[in-house]
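Let's see this in three dimensions:
(one chain, ligands or ions: 1)
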Amino acid sequence: MSSRLIIALDFGTAEQALAFVEPLAPAQCKLKVGFELFVAAGPEFVRQLVQRGFDVFLDLKFHDIPNTVASACKAAAGLGVWMINVHAVGGAKMMAAAREALQDVANPPKLIAVTVLTSMDKAQLQSTGVAAEPMQQVQHLAQLAASSGLDGVVCSAQEAAMLRAALGQDFLLVTPGIRPAGSDQGDQSRVMTPVQAREAGVSYVVVGRPITQAPNPLAVIAQINANLGF
Ligand code: C5P
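Modelled structure (predicted):
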């Protein structure tokens, strides 16, 4: 079994990220590259991580017309990454086009969707013209992602149990906002521990600063893996 821990490499340069990755082994964790690092370090850096044997989640949250998103997904798959994502609000056609684009790819990446950003509260959502409660909208978009053939969604730990019950055992739930018991919450407001996340049915947890800023990242990784049952 491979680790269910995805470390968010939220670093500003390839050098910083590589220095952090140096002592890590691919069996211990997967790695997430988001906007900041991708814009700074580019696809070559992603290839380097893949060449080192890591499962890489390229977290670029594509959202555009179906044809453009399909092409972007195909290009991302060409980097050899393990997971990519799109915004579910792009709609069923966009998600189906993304799925279709990966059909002929050998070892295609897992394709997941972002539902409602956790930075959106009810008022923010209403201001964009969505009257539903955030939780209802999350469930609605997750169902749309599932029926469009996607492998899963990014969701908050609070939503995980509801989505696991609604969408079955095989649907991937990838969850940030995870804090080991006793660690600093940072700017995350609603957090869960790795043990709680596992109990809520989360497939993979995304953890950034509690690991990247720890004096001994390897010890924190080992603890989280143990808590996740790995
Ligand atoms: O440092 P921390 O553990 O808070 O990092 C969490 C990671 O997950 C960051 O890369 C952040 O951008 C990402 N993320 C999040 N909340 C979401 C979606 C993504 O924290 N709803």
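
Any figure for the gap between the nearest residue to D10 once chain neighbours are set aside and the ligand?
Closest residue to D10 apart from its sequence neighbours, by C-beta to C-beta, 6 or more residues apart in numbering: G208 at 5.1 Å. Backbone N, C-alpha and C define where each C-beta goes, glycine included. According to C-beta to the nearest ligand atom, to the nearest Å, G208 stands 3 Å off from the ligand.

G208 contacts A8, doesn't it?
Yes: G208 lies in contact with A8 (C-beta atoms under 8 Å); the separation is 3.4 Å.

those helices in the chain, which residues are they?
14-21, 35-51, 66-77, 92-101, 122-127, 134-147, 157-167, 194-199, 209-212, 217-227 (DSSP state H).

Now render those as TSV, adding mean neighbour count.
Below are the helices of the chain laid out as TSV (neighbours: other C-beta atoms under 10 Å):
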stretch	mean neighbour count
helix 14-21	16
helix 35-51	16
helix 66-77	18
helix 92-101	20
helix 122-127	12
helix 134-147	19
helix 157-167	18
helix 194-199	20
helix 209-212	20
helix 217-227	17
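
Turn those helices into CSV, including distance to V114 and mean pLDDT.
Shown next, in CSV, are these (distance: least, C-beta to C-beta, whole Å; pLDDT from 0 to 100):
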stretch, distance to V114, mean pLDDT
helix 14-21, 22, 97
helix 35-51, 13, 97
helix 66-77, 13, 98
helix 92-101, 11, 98
helix 122-127, 14, 95
helix 134-147, 8, 97
helix 157-167, 12, 96
helix 194-199, 18, 96
helix 209-212, 20, 96
helix 217-227, 23, 97
